[in-house]
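Chemist: quick one, fold the following:
(one chain, ligands or ions: 1)
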Amino acid sequence: MNAVAGPGGIGVLDLQGGVQEHLDHLRRVGVSAWPVKRAAELDGLAGLVIPGGESTCLSRLLTIFGLDEAIRRACGNGLKLWGTCAGTILLARENVGETPSLGLIDIAVSRNAFGSQLDSFNREALVPAVAREPIPLTFIRAPKIVRVGEGVRVLLQLDDYVAAAEDDRILVTVFHPELTPSLAFHRYFLRKCGLNPAGADDAGLDPDWTPLSWTRFTHHV
Ligand code: GLN
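Modeler: Numbers count the residues shown, from 1 in each chain. Okay, here's the model as predicted:
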């Protein structure tokens, strides 16, 4: 896509990982959403999603392209950030046993804390700040948030870990709302960015969404 990000739109960091799924969800809630590959493309954005993927790879690419410094600077100037899964790892101030990347929110994460890729799972939970109905959650070789600092609010505590949290600038979720039919977290992030998303504060289940939506799968008969 060659379109230029408009003021007040939302960017999705487009280096590696689940980019298209976030762009699709953001457009479903009626906002302009753009892939971001270069520092200059952060200009004028209201928010940036750092998607899931592979955090070591993403962290190296952030450094190679000078995006780490650019994102830190933009965040200092008011850009809101949302990390999903690997994005949460990148944003965490502490990454247990490893070197932190952006270090922008005072949480500690433990990578791959549920086991291997085969230990990925779905579940549902009520996240009162986000929606008044339970939301489907998809965990793919997720980290656990094992500590939150002062000024960080817990949005969802499950078993022995925090699954979603935020401070005034940054939202983190260890699961993937963009891989479910629920638009509730995308709406929540847009409100955090000062935008006004379409739709109610229910679970936000998109009736047209299917697990194949992002594949551009066309059925030839
Ligand atoms: N396991 C990946 C990592 O540690 C994160 C997985 C994901 O983003 N779904 O980087």
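Chemist: who touches stretch 159-168?
Modeler: With C-beta atoms under 8 Å, 6 or more residues apart in numbering as the contact definition, stretch 159-168 has outside contacts at 105-107, 113, 125, 127, 130, 137, 144-146, 148, 151-157, 171-175, 192. Where C-beta positions appear, they are placed from N, C-alpha and C, glycine not excepted.
Chemist: wait, does that stretch contact the ligand?
Modeler: No - residues of stretch 159-168 are not located near the ligand by C-beta under 6 Å from any ligand atom, the shortest gap being 13.1 Å.
Chemist: buried ones in that stretch?
Modeler: Counting neighbours by 16 or more other C-beta atoms under 10 Å, one finds that the buried residues in stretch 159-168 are Tyr161, Val162, Ala163, Ala164, Ala165, Glu166, Asp167.
Chemist: out of the contacts of stretch 159-168, which sit inside helices?
Modeler: Lys192 (DSSP state H).
Chemist: pull out the buried members of the contacts of stretch 159-168.
Modeler: By neighbour count, with 16+ other C-beta under 10 Å, the contacts of stretch 159-168 hold 105-107, 113, 127, 130, 137, 144-146, 148, 152, 155-156, 171-175, 192 as buried.
Chemist: returning to that earlier point: out of the buried residues of stretch 159-168, what pair is the most spread apart?
Modeler: The distance between the two most remote of the buried residues of stretch 159-168 (C-beta to C-beta) is 17.9 Å, for Tyr161 and Asp167.
Chemist: so Asp119 makes contact with Arg141?
Modeler: Yes - using C-beta atoms under 8 Å, Asp119 is in contact with Arg141, at 7.4 Å.
Chemist: so those two - more neighbours on which side?
Modeler: The neighbour comparison of Asp119 against Arg141 (other C-beta atoms under 10 Å) goes to Arg141, with 18 against 13.
Chemist: give me the subset of the contacts of stretch 159-168 that also touch the ligand.
Modeler: By C-beta under 6 Å from any ligand atom, no member of these lies near the ligand.
Chemist: ok, of the buried residues of stretch 159-168, which one's closest to Trp209?
Modeler: Taking the buried residues of stretch 159-168 together and measuring to Trp209 by C-beta to C-beta, the closest member is Ala164, at 20.5 Å.
Chemist: residues of this protein that sit close to the ligand?
Modeler: With C-beta under 6 Å from any ligand atom as the criterion, the chain meets the ligand at residues Gly52, Gly53, Glu54, Ser55, Cys85, Ala86, Ile89, Arg111, Asn112, Ile140, Arg141.
Chemist: burial measure for the fourth one, as a count.
Modeler: Applying other C-beta under 10 Å, we find 26 other residues in the vicinity of Ser55.
Chemist: and the pLDDT at it?
Modeler: For Ser55, the pLDDT comes out at 98.
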